[in-house]
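Enquirer: Fold the following and give me the result.
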Amino acid sequence: MSHYFNYERIAAELSVPAAQLAELEAVVRDQYRHDQMLFELRMLRTLSAVAEGGLTVAEAIAEFRAENEPRARAG
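Expert: Residues are numbered from 1 along each chain as shown. Below is the predicted model:
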């Protein structure tokens, strides 16, 4: 259960499967490891975008994975 933002309510309204929500939480958590409030805010904003039709949960997961990948070092 969240402490700051009730993103779980939006996930439930969208019928996001538990496994997919857990996967999204994991990739978002990767970016916001040390800040619970920013983690939850990002989850809320991402799920709100899904609700508005801007993207799917699978697309959001893929985007976060791409953002979390280590950047190639310039040699």
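
Enquirer: in the top helix by length along the chain, what counts as buried?
Expert: With residue count as the measure and DSSP state H as the assignment, the chain has helix 36-51 as its longest helix. For helix 36-51, the neighbour count (16 or more other C-beta atoms under 10 Å) marks 39-44, 46-47, 50 as buried. For every residue, glycine as well, the C-beta is placed using N, CA and C.

Enquirer: Over to stretch 50-70?
Expert: Quick answer for stretch 50-70 (16+ other C-beta under 10 Å): 50, 57, 60-61, 64.

Enquirer: ok, and what's touching it?
Expert: 10, 13-14, 16, 20-21, 23-24, 27-28, 30-31, 46-47, 49 (C-beta atoms under 8 Å, 6 or more residues apart in numbering).

Enquirer: can you tell me the average pLDDT over that stretch?
Expert: The average pLDDT within stretch 50-70 is 93.

Enquirer: Export only the CA atoms of it, formatted as PDB.
Expert: This file holds the C-alpha atoms of stretch 50-70, laid out as PDB (Å, rounded to 0.1, in the frame of the first residue of the first chain):
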ATOM      1  CA  VAL A  50      -2.300   4.600 -19.300                       C
ATOM      2  CA  ALA A  51      -5.800   5.600 -18.200                       C
ATOM      3  CA  GLU A  52      -5.900   8.500 -20.600                       C
ATOM      4  CA  GLY A  53      -4.800   6.200 -23.500                       C
ATOM      5  CA  GLY A  54      -1.300   7.700 -23.900                       C
ATOM      6  CA  LEU A  55       0.400   4.400 -23.600                       C
ATOM      7  CA  THR A  56       0.000   0.800 -22.300                       C
ATOM      8  CA  VAL A  57       1.500  -0.600 -19.200                       C
ATOM      9  CA  ALA A  58       3.700  -2.800 -21.400                       C
ATOM     10  CA  GLU A  59       5.000   0.300 -23.200                       C
ATOM     11  CA  ALA A  60       5.700   2.000 -20.000                       C
ATOM     12  CA  ILE A  61       7.700  -1.000 -18.700                       C
ATOM     13  CA  ALA A  62       9.700  -1.000 -21.900                       C
ATOM     14  CA  GLU A  63      10.400   2.700 -21.700                       C
ATOM     15  CA  PHE A  64      11.600   2.500 -18.100                       C
ATOM     16  CA  ARG A  65      13.800  -0.500 -19.000                       C
ATOM     17  CA  ALA A  66      15.400   1.500 -21.800                       C
ATOM     18  CA  GLU A  67      15.900   4.500 -19.500                       C
ATOM     19  CA  ASN A  68      17.500   2.200 -16.800                       C
ATOM     20  CA  GLU A  69      20.000   0.600 -19.100                       C
ATOM     21  CA  PRO A  70      23.500   1.700 -18.600                       C
END
